[in-house]
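Asks: this is the structure alone, sequence omitted:
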């Protein structure tokens, strides 16, 4: 079932209410032990599952289908190879399964040592809740978001609230994602201009999707290379738990204090703005359209100004294949189109993402002729 944008407008609040009972149990009674029937979910040799393998092989090369491959019944068949990263809220491991050792990324919540050591139950509640909420939010978002440039959730298992598990695979919460390689800006700048053009088109297409997603208009926290992975040559956004559908709040003149708006400001980790930015207008206490335009500014600052630099066209193999007499005209034509794109990117209040995407596709077609 696809949940409407209106239902998800205050998803952060809903998650907090949904996991309240779980966290209360942790903070009042401490960590619980695994039931006997769950001790089988340990790091063991994989028993190849032909059904899983066939489903995996049947997926398209570009991106996974949105069917869950892993759940609590077969999660124990994964083999953990090594730890890939350890953040404040989650740990990520390289996992393998099947005869061919298909790679996947396995995430579990981190052990909240600093929370469990706090004697004040209210502080423990808030701290432990943050670990569970971050993990739960990522799973909930990825169940709803389906785009070729968003990392694919391959399955999850939420058995209980156990965060202090003896081994990662005994954690009460486990999620499995497609595996990708880290990328850097140097990596991207080393590919030909036409390949960077494709990346730019995919990024703009992702922005269009996020503005009209099933969860409402979503704002990304960041789009630096460390927040992207390369999966079979396609860049995919990770860390969706940092996204939010809450638009920037804006109190209207002479409005009385509003606890809901104050809560939104706290969730967004910001201060109350005096005016709406990027040409947005204050409607019903929020800067309508802020999320989409903020995404455009972030993408332009991090990606577009760099990967669409016109100098990269001179060494592009598709461009060099053109007749020498035609190159000057093509270069001027591409420069004009990129100039129009730049005008849109420089003014997020009037930027038309569909125009930008179409303009970049026209350049792509021109080079491919």
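Replies: All right, it came through fine. For clarity, every value in this text was computed on a predicted model and none was experimentally measured.
Asks: in the chain, which spans are helices?
Replies: Secondary structure of the chain, counting by DSSP state H: helices at 11-18, 20-29, 50-58, 113-116, 121-144, 185-189, 193-211, 259-268, 290-299, 305-307, 317-320, 324-346, 353-368.
Asks: any idea which of those scores lowest on pLDDT?
Replies: Sorting those by mean pLDDT places helix 50-58 lowest, at a mean of 37.
Asks: what's the neighbour count on residue 339?
Replies: When counting by other C-beta atoms under 10 Å, one arrives at 11 neighbours for residue 339. From N, CA and C alone the C-beta is placed, and that goes for glycine too.
Asks: residues contacting it?
Replies: By C-beta atoms under 8 Å, 6 or more residues apart in numbering, the contact list for residue 339 is empty.
Asks: how near is it to residue 73?
Replies: Residue 339 is 56 Å from residue 73, where distance means C-beta to C-beta, to the nearest Å.
Asks: ditto for residue 316
Replies: 50 Å.
Asks: the two - which one has more neighbours?
Replies: Between residue 316 and residue 73, counted using other C-beta under 10 Å, the more crowded position is residue 316 (19 against 9).
Asks: what sits closest to that one if chain neighbours are left out?
Replies: Nearest residue to residue 316, sequence neighbours excluded (C-beta to C-beta, 6 or more residues apart in numbering): residue 193, at 3.9 Å.
Asks: ok, now which ones touch the one you found?
Replies: So residue 193 contacts 312, 313, 315, 316, 319 (C-beta under 8 Å, 6+ apart).
Asks: again, but for residue 176
Replies: 69-70, 75, 78, 95, 104-107, 153-156.
Asks: now, those that are in strands?
Replies: Among the contacts of residue 176, DSSP state E puts 95, 104, 105, 106, 107, 153, 154, 155, 156 in strands.
Asks: identify the farthest-apart pair in those residues.
Replies: The span of the ones in strands among the contacts of residue 176, defined through C-beta to C-beta, is set by 95 and 153 at 13.8 Å.
Asks: name the residue in these two with the higher neighbour count.
Replies: residue 95 (30 against 25).
Asks: bridging across strands, which residues link to that one?
Replies: residue 80, residue 104 (DSSP bridges).
Asks: from residue 78, how far off is it?
Replies: 5 Å.
Asks: between those two, what contacts are shared?
Replies: Going by C-beta under 8 Å, 6+ apart, residues that sit against residue 95 and also against residue 78 are 104, 106, 176.
Asks: quick check, nearest of those residues to residue 163?
Replies: residue 106 (15.5 Å).
Asks: let me see the contact set for that closest one.
Replies: Taking C-beta under 8 Å, 6+ apart as the criterion, residue 106 is in contact with 78, 80, 92, 93, 94, 95, 168, 174, 175, 176, 177.
Asks: next: residue 290.
Replies: Contacts of residue 290 (C-beta under 8 Å, 6+ apart): 219, 247, 248, 276, 277, 278, 280.
Asks: beta partners of the closest residue to the second one other than its chain neighbours?
Replies: With sequence-adjacent residues excluded and distances taken as C-beta to C-beta, 6+ apart, residue 247 is closest to residue 286, at 4.1 Å. Per DSSP bridges, residues listed as beta-bridge partners of residue 286: residue 249, residue 283.
Asks: any idea how far residue 337 is from the most far-flung residue of the chain relative to its centre?
Replies: Distance to the chain centre peaks in the chain at residue 325, reaching 44.9 Å (criterion: C-alpha atoms, centre = their mean). Between residue 325 and residue 337 the computed distance is 21 Å (C-beta to C-beta).
Asks: cool, residue 311 as well?
Replies: With distances taken as C-beta to C-beta, residue 311 is found 16 Å from residue 337.
Asks: tell me which of those two has more neighbours.
Replies: Remark: of residue 311 and residue 337, residue 337 carries more neighbours, 16 against 7, as counted by other C-beta under 10 Å.
Asks: circling back to that earlier point, so which of the shared contacts of residue 95 and residue 78 is the closest to residue 184?
Replies: The closest of those, once distances to residue 184 are taken by C-beta to C-beta, is residue 104, at 22.7 Å.
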